[in-house]
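Student: 3D, please:
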Amino acid sequence: MKLPVHVCVELHRELEKTGCDQKEKELKEWKERWCSISESLRHAQTQLQQAQDSRDQAISSLEIQQEKNRGLQDDVNRLHTA
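Tutor: Numbers count the residues shown, from 1 in each chain. As a prediction, this is how the structure comes out:
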């Protein structure tokens with residue numbers, strides 16, 4: 001049994017539409033994944049920057065404390081030699 005031409009044409013259109021819909025769906029899924037990963041990377045970058053800033057602040061505080069300790073040690077040494 002052969003299908004009428006107009007039915008074949010309609011089936012062909014539906015198949016093409018289904019293929020396009022599937023491609024659009026896949027593209028949308030990839031775009032959503034990309035956006036999610038990009039957001040995660042931005043968040044990780046922000047956390048890394050905060051950690052680096054905290055590290056730099058801690059190093060600066062330690063350097064200041066070391067300088068104070070050297071000054072106190074110099075004072076103690078002067079008292080012992082006096």
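Student: Compute the distance between Gly19 and Glu26, please.
Tutor: Gly19 sits 11 Å away from Glu26, going by Cβ to Cβ, to the nearest Å. Where you see a C-beta, it was placed from the backbone N, CA and C, and this is true even at glycine.
Student: can you check Leu48 too?
Tutor: Separation of Leu48 from Glu26 (Cβ to Cβ): 32 Å.
Student: same question, Arg33
Tutor: In terms of Cβ to Cβ, Arg33 sits 11 Å off from Glu26.
Student: Check Pro4 too.
Tutor: Pro4 sits 33 Å away from Glu26, taking Cβ to Cβ as the criterion.
Student: Could you do Ser60 as well?
Tutor: For Ser60, the distance to Glu26 equals 51 Å [Cβ to Cβ].
Student: Compute the number of surrounding residues for Arg55.
Tutor: Per other Cβ atoms under 10 Å, the neighbour tally for Arg55 reads 10.
Student: Equivalent analysis for Gln65, please.
Tutor: Neighbour count for Gln65, taken as other Cβ under 10 Å: 10.
Student: quick one: average confidence on the helix or strand harbouring it?
Tutor: Gln65 belongs to helix 5-81 when assigned by DSSP states H and E. Averaging pLDDT along helix 5-81 gives 91.
Student: So which elements touch that helix?
Tutor: Using 3 or more Cβ pairs under 8 Å, 6 or more residues apart in numbering; DSSP states H and E as the contact test, no helix or strand touches helix 5-81.
Student: so how far is it off the chain centroid?
Tutor: Taking Cα atoms, centre = their mean, to the nearest Å, one finds helix 5-81 lying 2 Å from the centre of the chain it belongs to.
Student: just stretch 64-82 next, same as before
Tutor: Stretch 64-82 has its C-alpha centroid displaced from the chain centroid by 47 Å (Cα atoms, centre = their mean).
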